[in-house]
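> my questions are about this predicted structure, shown below with the sequence.
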Amino acid sequence: MPTSVAPDPRLAPSLGQRVVARATRPVDVASLAAFRIVFGLVMFAGLVRFLTSGWIEEMYGRPDFFFHCAGFAWVEPWSVTGMYVHYGVLAALALAIAAGAWHRVVTPLFVLGFAYTQLVDVTNYLNHHYLVVLLGGLLAVLPAHRAWSIDAWRTPGLATDVVPAWTVWLLRFQVGVVYVFAGLAKAQPDWLVHAQPLNVWMSARTDTPLVGPWLDERWLAYAMSWAGFLYDTTIVLWLSWRRTRVPAFLVVCAFHAVTGYFFNIGMFPFIMTTSALVFFSPSWPRRILGRLGVTAAATPPVTAGRAAPRVAGRVLAAVLVVHVALQVVLPLRHHVYPGTLAWGEDGMRFAWQVMVREKHGSVTYIVRFPDGRRLEVPPRRYLTARQEREMAGQPDLILQLAHHVGRDLRAAGHRDLAVHVETRTSLNGRPPVPLIDPEVDLLRVRDLGPRTSWVTPMPSTPPIHLRARP
Amino acid sequence: MLAHLADHLFVPTYAQFEADAAALATALEAHCAALDTGTDDPSAARTAWATAMDTWELADAVQVGPSAADDGRVRNRIYGWPLLAPCTLDQDVMVRWTTPAAYDVETRLDNARSLAAIEYLLFYTDVVSSCPVPPTGWDALGADRPRARCRLAAAVAADVAAQAAALATAWRPTGGNYRDQLALAGTASSSIAGEREAVNMVSDGMFYIDTMVKDMKLGEAAGIMINACGTIEEPCLREVEHRFADHSTPALRVNLRALRAAFTGTTAGADGPGFDDYLTAVGAPEVAARMTASIDAAIALADDLPASFLTTLTTDRARVVALHAATKAITDDMKSQFLTVLGLDIPDDVAGDND
């Protein structure tokens, strides 16, 4: 009489083993290769746009002073001609990325060169430029060049039609981080309860064709605020679920088309729309090619029973784990800092705080001398209008320039001076109030600890509520 | 608001300046003719200069359109301050006097022409040249020096009058019709893409109060800010606008009244929509009221200034410091809530990317 034997639970794979097995199973390389190609082309377009916009002169030629990230004060811009060459080389590197040529050299060079343009001056920082550095950095270590590339053509042994699943997951994670944290950044009263700053932004666009007359309606600002919040926080879910993926992608296209039209957000809509393609099946490019009649590349590879090529050593794996952890921790770090993020901006950068505040203000440095005399120094003495506008809402930049003013005056022979600052800052249309304590000598402040000793508390007044024009 | 400001502030001001600049050119020709006959009475020419200057200060305080284009090319040709090179003017005096055909105002830099140059030529009567080494023949001019200065002033005034006429024509419906460009922004009749862009142009013009009035005319002159003299809390007369004519006080009053006219829409001839109404309409009446009060407070302080700004600076500097503080109250609002509520950009900003 046969007897059944219960499986030994000790022999069943653990959760960790199952995750590793799924992460290392082979998947089609096509989406990874397509991502590399599209990323390179979008970067090329963005860099050509930059080269032809006149921004190089404005951002690197006109300023007399550049704001630096901590630890990168040594980064200086080339001459204006040098910056044109730099951006030209970046554009060429972007094309090489798209072509998959010398990937392991070209892509890191592109990432370093692009990061340099951001490190030259903090006022150049944009969330989507940070995203370019991150995506480029990931591409540099992923096997995205092992198909549909010059590298694979030059070195047939490199070519493969499958990669481990984790390589695609990593890109999905990176794109997902942007959406989720950009959504969480909107989970605050100004955005959800007061519909700001969308209300002020949309009210300023009433001369838009067709829809303009409705743009100053407050209900529309509320609808758009909540839609934006729900979109950002849930779109990764809808893109990840096979049944909702296509309509979700159409929503992605529509969302970024609308935001791209209304706001000057440069390449951001293109980057996010094309990046969302990583949520599709890894073979999606082959299906598209098949429909276009390119049958040679249209057949997905057989993955069942195959082993994915090993593409990461222990060191790289450790680096990627640290990267993933940082991507989760960095956007959350402001929760352990005192003060309100939108006001003191401690933890604002590298945190996907995308389009969540409208801040304008005036800044005047007050130099006090030991004999009681005072001297006002306007920021425009050092900054362009664009830099001054960016600085006016960011306490750490105000502090950096204060130290520079102090150095400048000391070099002119003044001793024992103190540099204070008078600020009047309006956040999301609130009445302007001091952002920095005017009694604090900023030369005695280092931006290392909590900013509460020199940045004022967030005003308790609500943001402005604009009404539709009669 | 744009049509009202165009019809009741910009167009009338440029038309008036055209007339005043022509009158100045005529008055200088008459003055030069009188000097040729031995009569040295510059008072009529000086009055004509002051009249033209006051009208231009009204236009200068809210530069919009043709005069502001190309980094203020036309503006600087009409009134180049703070660009002024007295030594170059002394050299031009000699050129114009000795070989008139060799002098061409077209080829001069803005620091050697414009109403600022005329002021120097009309009001600086010292026999000592402004050059470290006087131009060749300067000392030999003797009694002809006023005549030589007048000849150059007349040539420059003719150029200013021509620029003023061209500017007024650029605004007229029968000329360039910039009035319609501004008033009909966003329509097929205008090259200005949208109403917001046009409003932003006017707002940009109003920022004259920040850089020129608060910082340069008051802050640097009074030693409140870093200045060319290196003085701290002491006057720097070199930085004073109209230092030769001592005409700064009227200029400040006119600048502030021009700002008020643009902000409130209340001009000399009409009361219509202005930025205050715009702010009130979108739900920020407190911003409108606060800014109007700040402008009125500054005007009151300017009105209280003694006629001689140079004397006030040296004997009662506190008044200038108070006026500077009052203008800062205006600009603090302009740079913050005003821009946010109306969705405007700061001047000279570049339309770069955002996120």
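Sure thing, it's come through.
> make it CA atoms for all contacts and neighbour counts henceforth
OK.
> buried ones in the strand or helix carrying residue B:87?
Applying DSSP states H and E as the criterion places residue B:87 in helix B:86-98. Within helix B:86-98, the residues that count as buried by 16 or more other CA atoms under 10 Å in any protein chain shown are B:86-97.
> now those residues as CSV including pLDDT and distance to chain A?
Listed next are the buried residues of helix B:86-98 as CSV, based on pLDDT from 0 to 100; distance: CA to the nearest CA, whole Å:
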residue, pLDDT, distance to chain A
B:86, 96, 25
B:87, 97, 27
B:88, 97, 27
B:89, 97, 29
B:90, 97, 31
B:91, 96, 32
B:92, 97, 32
B:93, 97, 35
B:94, 95, 37
B:95, 95, 37
B:96, 96, 38
B:97, 95, 40
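> how far is the helix holding residue B:87 from where the chain is centred?
The chain centroid and the centroid of helix B:86-98 are separated by 24 Å, computed with CA atoms, centre = their mean, to the nearest Å.
> can I get the helix or strand just after that helix as CSV, trimmed to CA atoms?
Toward the C-terminus, helix B:86-98 is succeeded by helix B:114-123 as the next helix or strand (DSSP H and E). Output of helix B:114-123 as CSV, limited to C-alpha atoms (Å, rounded to 0.1, in the frame of the first residue of the first chain):
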residue,chain,number,x,y,z
SER,B,114,22.8,111.7,-23.6
LEU,B,115,21.1,114.0,-21.1
ALA,B,116,23.8,113.2,-18.6
ALA,B,117,26.5,114.7,-20.9
ILE,B,118,24.3,117.8,-21.4
GLU,B,119,24.0,118.2,-17.7
TYR,B,120,27.8,118.1,-17.3
LEU,B,121,28.3,120.6,-20.2
LEU,B,122,25.6,123.0,-18.9
PHE,B,123,26.3,122.9,-15.2
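> show the pLDDT at the closest residue to residue B:266 other than its chain neighbours.
Sequence neighbours aside, residue B:272 is the residue nearest to residue B:266 in space, at 6.0 Å (criterion: CA to CA, 6 or more residues apart in numbering or on different chains). pLDDT for residue B:272: 92.
> ok, residue B:272 to chain A distance?
From residue B:272 across to chain A, the span is 16 Å (CA to the nearest CA, to the nearest Å).
> which outside residues touch the helix holding residue B:87?
B:102-103, B:112, B:117, B:120-121, B:129-131, B:135-138, B:148-149, B:151-152 (CA atoms under 8 Å, 6 or more residues apart in numbering or on different chains).
> and the stretch 1-150 of chain B, which residues reach chain A?
Counting by CA under 8 Å from any CA of the partner chain, the stretch 1-150 of chain B comes close to chain A at no residue.
> tell me how far the residue in the stretch 1-150 of chain B that chain A sits nearest to lies from residue B:281.
Nearest residue of the stretch 1-150 of chain B to chain A: residue B:1, at 13.4 Å (CA to the nearest CA). Going from residue B:1 to residue B:281 by CA to CA, to the nearest Å gives 12 Å.
> the two: who's more crowded?
residue B:1 (18 against 15; other CA atoms under 10 Å in any protein chain shown).
> find the residue closest to the more buried one in space, skipping its chain neighbours.
residue B:273 (4.9 Å).
> and the one you found, backbone torsions?
Torsion angles at residue B:273 (phi, psi; degrees, to the nearest 10) stand at phi -70, psi 140.
> let me know the helix or strand that the residue lying closest to residue A:228 once chain neighbours are set aside is in.
Distance criterion CA to CA, 6+ apart; nearest residue to residue A:228, sequence neighbours excluded, is residue A:183 at 7.5 Å. Using DSSP H and E, the element containing residue A:183 is helix A:165-184.
> packing partners of that helix?
helix A:15-24, helix A:30-53, helix A:127-141, helix A:218-240, helix A:314-329 (3 or more CA pairs under 8 Å, 6 or more residues apart in numbering or on different chains; DSSP states H and E).
> any chance of those in CSV, with mean pLDDT too?
As requested, the helices and strands packed on helix A:165-184 are arranged in CSV below (pLDDT from 0 to 100):
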stretch, mean pLDDT
helix A:15-24, 90
helix A:30-53, 97
helix A:127-141, 97
helix A:218-240, 97
helix A:314-329, 95
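> so which of these gets nearest residue B:52?
Nearest to residue B:52 among these is helix A:30-53 (40.5 Å), distances taken as CA to CA.
> which residues does the helix or strand following that closest one contact?
Next along the chain after helix A:30-53, taking DSSP H and E as the criterion, comes helix A:55-56. Residues outside helix A:55-56 that contact it (CA under 8 Å, 6+ apart) are A:50, A:80, A:83-84, B:352.
> so can I have TSV of the residues you listed showing neighbour count and distance to residue A:229?
Shown next, in TSV, are the contacts of helix A:55-56 (neighbours: other CA atoms under 10 Å in any protein chain shown; distance: CA to CA, whole Å):
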residue	neighbour count	distance to residue A:229
A:50	18	30
A:80	16	40
A:83	19	38
A:84	18	38
B:352	16	25
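> quick check: which ranges of chain B have low pLDDT?
Residues of chain B that meet the criterion pLDDT under 70 lie in B:349-352.
> domains in it, as residue ranges please.
Chain B breaks down into these domains under automatic domain parsing: B:2-170, B:207-342.
> relative to residue A:356, how far out is the residue nearest the centre of chain A?
Central residue of chain A (CA atoms, centre = their mean): residue A:127, 2.6 Å from the mean position. According to CA to CA, residue A:127 stands 12 Å off from residue A:356.
> kindly report the same for residue A:151.
Taking CA to CA, one finds residue A:151 at 42 Å from residue A:356.
> neighbours of the residue lying closest to residue B:208 once chain neighbours are set aside, just the number please.
Excluding the flanking residues, the one nearest residue B:208 by CA to CA, 6+ apart is residue B:61, at 5.6 Å. Residues near residue B:61, counting by other CA under 10 Å, number 24.
> list the contacts for residue B:61?
B:205-206, B:208-209, B:255-256, B:258-259.
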